[in-house]
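Peer 1: Compute the structure for the input listed below.
(one chain, ligands or ions: 1)
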Amino acid sequence: MTPTTTRSTCPYCGVGCGVLIESQGSQITGVRGDPQHPANFGRLCTKGQTLHLTALPAVARQTRLLQPQQRPQRGAEPQPLAWDMALDLAADRFADVIDRHGPDAVGFYVSGQLLTEDYYAFNKLAKGLVGTNNIDTNSRLCMSSAVAGYKLTLGADAPPACYDDVNHASCLFIVGSNTAFAHPVLFRRIEDAKQKNPAMKVIVADPRRTDTASLADLFLPLQPGTDVMLFHGLLHIMLWEGWTDAVYIAAHTSGFDELRALVRECTPAQVAQVCGLPKEDLYTAARWFAQSPATLSLYCQGLNQSSSGTAKNATLINLHLATGQIGKPGAGPFSLTGQPNAMGGREVGGLANLLSAHRDMANPEHRAEVAALWGVPSVPAHPGKTAVEMFQAAADGEIRALWIACTNPAQSLPDQATVRRALQRAEFVVVQEAYAGAATCDYADLLLPATTWGEKDGTVTNSERRISRVRAAVPAPGQARHDWRIAVDFAQRLEARLRPGLPTLFPYPDAESLWLEHRESTRGRDLDITGLSYAMLQQQGPQQWPLRAGDSQGRARLYEDGVFPTPDGRARFAALPYAPLAEPREARYPFSLITGRLRDQWHGMTRTGTLGRLFGHVPEPVVALHPQDMARQGIRSGDLVYVTSRRGAILVPAQPSDELGPSQAFIAMHWGGEYLGGQASNGEVLAGVNALTSPAFCPTSRQPELKHTAVKVLKADLPWTLLGLAWLPDAQALGAHAALRALMARFPFAACVPFANGVPLAQADTLGRTGVLFRAAGHVAPAPEVLEQIEALLGLDTRDALRYADQQRGQRRTVRRVQEGGHTRLEGVLLAGDTQAEAWIRPVLQEELPAETYGRSLLMPGARAPVNVGPRARTVCTCFQVTDAAIADELARCEGDASQRLAALQNRLQCGTQCGSCVPELRRLVQAHPARTASLAA
Ligand code: SF4
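Peer 2: Below you'll find the predicted structure:
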């Protein structure tokens, strides 16, 4: 069969990299970066490079939803049903709720991972057909503060800069963004720019010293939530030192006097004290920002996910306006979108408070324009429920039917106890999803299978306003349908019930017909794309908006003429005061819990979590703590701790981290109940990190403060521990993970993750060997049948397995070895009751070391390793499977200065030479490991 190459985009982050998908027939066989795509010029990060592996049949068969299913009652196994029946059922139930309780009794919760066409269909369905603004999206958790900040100051939700500005900037201010992990390919550009122009100043402001800080000339470890105070303080210094641009302020802005009065109180001494930063660093940052020829700010969730999210965005933009650092190459406030199409959702108005094409819901003319375009008498005027409010309303019984598409609120929303109550209380829950393992699927009355990456057709817009075509490389698997198609099929049935006899509002045969209507909605607006077409995207590649009729290309930068889309054409300074965190640390909850991303995982891990190799960098859920805090409480690395907030508690192993300041804790946002769980003594099932996080939100943007929660951390005393791990056939590993996940609630603490010994990615058209790890702890041993279930799922119930059991002492060991090529290897092991031997048994199994010498010691609790086995190494370079141990070894032999040693390391081990995602960590490791010759000389 002839291989085919299809041009499309990566479905993960807002960088929006172009990909070339290789396929044969209905099978995706490979992925490469698209050298012609202007977002990445051929580069991909670890996540993008492994996309094709997530589509392998062995993975898809175990993870995909392939037919509609109905759950006869809550808690029961879902049963298949035909599409027509499923859609009729959904239309009947939604029509019934609307009839009994009105249109605001239903809610649609959708996703920044939908394509623009999908989004457009859902937005019209809710606002045009049902007549409710109760449509919101997971972009609310990601971008709504950026939207509000731009609108408040610049007049429109339009990022004014582009990626190429990184090459023109003389100062980069990266604040509230771990770009190295969250936008890796953009970070590669920043590294290149810094290498080409070492004089470019890089300032990184973040409570954690993340990998992004490895490139910083100035690192500002500000206290969590104090960004507004920092920005006001920088403006204060700029004013005092005469570093503002009076000409720009006078010509292009309004409201400066009020702001100047506000920041008068924000003296360097006051700011240094509130933010926890040295005064000299504040002066340096202010000087570099204001006096550099071009300053570009890059920011993300650290500003957005905050109860002061709008103020943080707007007060950063103040700095650009006050110094004239906007509207020229290399300058401007550039908000990085988290998701691949958060921008597209904003463009179609797919949020509860927005209307199509950046129109305002409160503006009667704008509502009339949208109603006329859609052919309906009106669209509702009052804003709908935003994400947190929507689930609160469902928990309160106000919203009775929920439609959830392409997102996983049972993992990602804060305050999971309320979210789960909402999903249980709602009369009817539809979940439209590609992956059966998403936690939200467990609550669905109706499951509708959707297509996903490699199968979809439409457009997305990345952070720099660039619209790209998404193309299908393979047909939809099973009975899966495109998201827009499901919305349209449902809408047509619903309108037959709500407005019988009238012509359809949804006459769309394909994605392009939806897009053309969206295009028309932008005519005359700031994001006007009336000059763009699918044909132009095909012929000329991705394009930035605006691109008006008659234009040959879009605009790379906005506001170069100093004219802003406000009534008087002037940008507006925002005189917003600093407000403390919604939930500051205090005596009962003395730690700041910060959340953030891992390098190799994406969101709730429904896709990245299917690949064991992406767990090589961070293998299991942990809470990172400052070493001094751990020492003070007698907590050792790996000890289980309770992390408790006002909403709940989770159990998780502790790990020391020098990235954090004292009294700070960090848990990655990805660890939901699918990977980290257990059951509290009151019977409550623990639901990952968001069992802890706060639903408090910014009053303007309604974006919740996911970045910060006040918690306490206490050492747990769970003496009975369990570790099971085994290599499993590719076709079984993920199924075993799903089944083991169901057993997590049988223990006070449990975690379950896949692992792999992946081959270097350059050769990877297979998964490598895949295994599953199950870890648990409790006060006493569980019933023997629970252990037998775990053994069976790990393939340890075979006759050749060796066993030891001491029921009285709660001890049990099961080991399976295989002979291969004259060697004995460990295939699986269960240590129950005493897991101290993990330190040597786990490396023996995972690194596939010869196991013939271990004999009976494998079965003896408390036995020491018969030969010296080093600790399990961590994978730093995912592309070439290079571990931290190998890097440390090699670095001891590398000589020269830091850059020479890094080059030598890369030359010898190849680490960091393919996707580059590990380069920031390599840079840190170079600093941390002095050369052997250097240390001897010293
Ligand atoms: Fe995908 Fe990585 Fe590019 Fe983001 S940076 S779009 S995750 S390849």
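Peer 1: how about stretch 31-50 against the ligand, any contact?
Peer 2: Yes. Judged by Cβ under 6 Å from any ligand atom, stretch 31-50 and the ligand are in contact via 40, 44-45, 47-48. Placement of C-beta: from N, CA and C, glycine included.
Peer 1: host element of the closest residue to the ligand within the chain?
Peer 2: Of all residues in the chain, the one sitting closest to the ligand is residue 48 (2.5 Å; Cβ to the nearest ligand atom). Element membership for residue 48, per DSSP states H and E: helix 46-49.
Peer 1: which helices and strands does that helix pack with?
Peer 2: strand 27-33, helix 184-196 (3 or more Cβ pairs under 8 Å, 6 or more residues apart in numbering; DSSP states H and E).
Peer 1: who wins for proximity to residue 491 among these?
Peer 2: strand 27-33 (30.4 Å; Cβ to Cβ).
Peer 1: List the strands paired with the closest one, with their directions.
Peer 2: Sheet pairing of strand 27-33 (DSSP bridges) gives strand 18-24 (antiparallel).
Peer 1: How about the residues of the chain by the ligand?
Peer 2: So the chain meets the ligand at 10, 12-13, 15-17, 40, 44-45, 47-48, 183-185 (Cβ under 6 Å from any ligand atom).
Peer 1: can you do 8 Å?
Peer 2: 9-17, 19, 33, 39-40, 43-49, 51, 183-186, 340, 462, 602, 917 (Cβ under 8 Å from any ligand atom).
Peer 1: what about the helices in the stretch 151-300 of the chain?
Peer 2: Taking DSSP state H, counting those that start in this stretch, the helices of the stretch 151-300 of the chain run over residues 179-182, 184-196, 227-241, 246-252, 256-263, 268-275, 279-291.
Peer 1: Pick the most buried one from those helices.
Peer 2: helix 179-182 (a mean of 26; mean count of other Cβ atoms under 10 Å).
Peer 1: Now for the residues of stretch 31-50 next to the ligand: which two are most distant?
Peer 2: 40 and 47 (12.4 Å).
Peer 1: Which pLDDT does the model give residue 332?
Peer 2: pLDDT for residue 332: 98.
Peer 1: Would you mind measuring from it to residue 642?
Peer 2: Distance, residue 332 to residue 642, using Cβ to Cβ, to the nearest Å: 45 Å.
Peer 1: Those two: which is more packed in?
Peer 2: A side-by-side neighbour count of residue 332 and residue 642, using other Cβ atoms under 10 Å, places residue 332 first with 26 against 20.
Peer 1: my read: the more buried one touches residue 164, true?
Peer 2: No. When contacts are counted by Cβ atoms under 8 Å, residue 332 is not listed as touching residue 164 (11.7 Å).
Peer 1: pLDDT value on residue 899, please?
Peer 2: For residue 899, pLDDT reads 89.
Peer 1: make that residue 762, sorry
Peer 2: pLDDT at residue 762 comes out at 61.
Peer 1: same question, the one 3 residues further on
Peer 2: Residue 765 is assigned a predicted lDDT (pLDDT) of 69.
Peer 1: quick one: stretch 516-532 to chain centroid distance?
Peer 2: Centroid separation between stretch 516-532 and its chain, computed with Cα atoms, centre = their mean, to the nearest Å, is 30 Å.
Peer 1: lowest average confidence, helix or strand, in this protein?
Peer 2: Lowest on mean pLDDT, DSSP states H and E among the helices and strands of the chain sits helix 932-937, with a mean of 47.
Peer 1: returning to what we had before: take the helices and strands packed on helix 46-49 and write them to JSON lines, including distance to residue 860.
Peer 2: Shown next, in JSON lines, are these (distance: least, Cβ to Cβ, whole Å):
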{"stretch": "strand 27-33", "distance to residue 860": "47"}
{"stretch": "helix 184-196", "distance to residue 860": "45"}
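Peer 1: so what's the nearest residue to residue 297 once chain neighbours are set aside up against?
Peer 2: Counting by Cβ to Cβ, 6 or more residues apart in numbering, residue 173 is the residue found nearest to residue 297 once chain neighbours are left out, at 4.4 Å. Residue 173 makes contact with 203, 205, 285, 289, 295-298 under the criterion Cβ atoms under 8 Å, 6 or more residues apart in numbering.
Peer 1: Try it again at 6 Å.
Peer 2: 203, 289, 297 (Cβ atoms under 6 Å, 6 or more residues apart in numbering).
Peer 1: hmm, who's touching stretch 182-196?
Peer 2: 13, 15, 17, 40, 43, 45, 166-167, 179-180, 200, 215, 336, 597, 916-917.
Peer 1: Could you confirm residue 665 falls within a strand?
Peer 2: Yes. Counting by DSSP: H, G, I helix; E, B strand; the rest coil, residue 665 is located in a strand.
Peer 1: burial measure for it, as a count.
Peer 2: The number of residues near residue 665, taken as other Cβ under 10 Å, comes to 25.
Peer 1: need the next SSE after whichever strand or helix holds residue 62, C-terminal direction.
Peer 2: According to DSSP H and E, residue 62 maps onto helix 57-63. On the C-terminal side of helix 57-63, the closest following helix or strand by DSSP H and E is strand 69-70.
Peer 1: The helices of the stretch 151-300 of the chain: which one's closest to residue 796?
Peer 2: By Cβ to Cβ (comparing all of these), the closest turns out to be helix 179-182, at 35.9 Å.
Peer 1: How far does that closest one sit from its chain's centre?
Peer 2: That offset, for helix 179-182, works out to 11 Å (Cα atoms, centre = their mean).
Peer 1: Could you do stretch 722-742 as well?
Peer 2: 25 Å.
Peer 1: Can I take it that residue 826 is in a helix?
Peer 2: No. Going by three-state DSSP, the assignment for residue 826 is strand, not a helix.
Peer 1: I'd guessed it sits against residue 844; true?
Peer 2: Yes. Here residue 826 reaches residue 844: they are 5.5 Å apart, a contact under Cβ atoms under 6 Å.
Peer 1: any residues in contact with both of these two?
Peer 2: With Cβ under 6 Å, 6+ apart as the test, residue 826 and residue 844 both reach residue 851.
Peer 1: Can you spell out which residues form a bridge with residue 21?
Peer 2: residue 6, residue 31.
Peer 1: which stretches of this structure aren't confidently modelled?
Peer 2: By pLDDT under 70, the low-scoring segments of the chain are 758, 762-765, 855, 863-872, 932-938.
Peer 1: Name all residues that make contact with residue 383.
Peer 2: 133, 352-353, 361.
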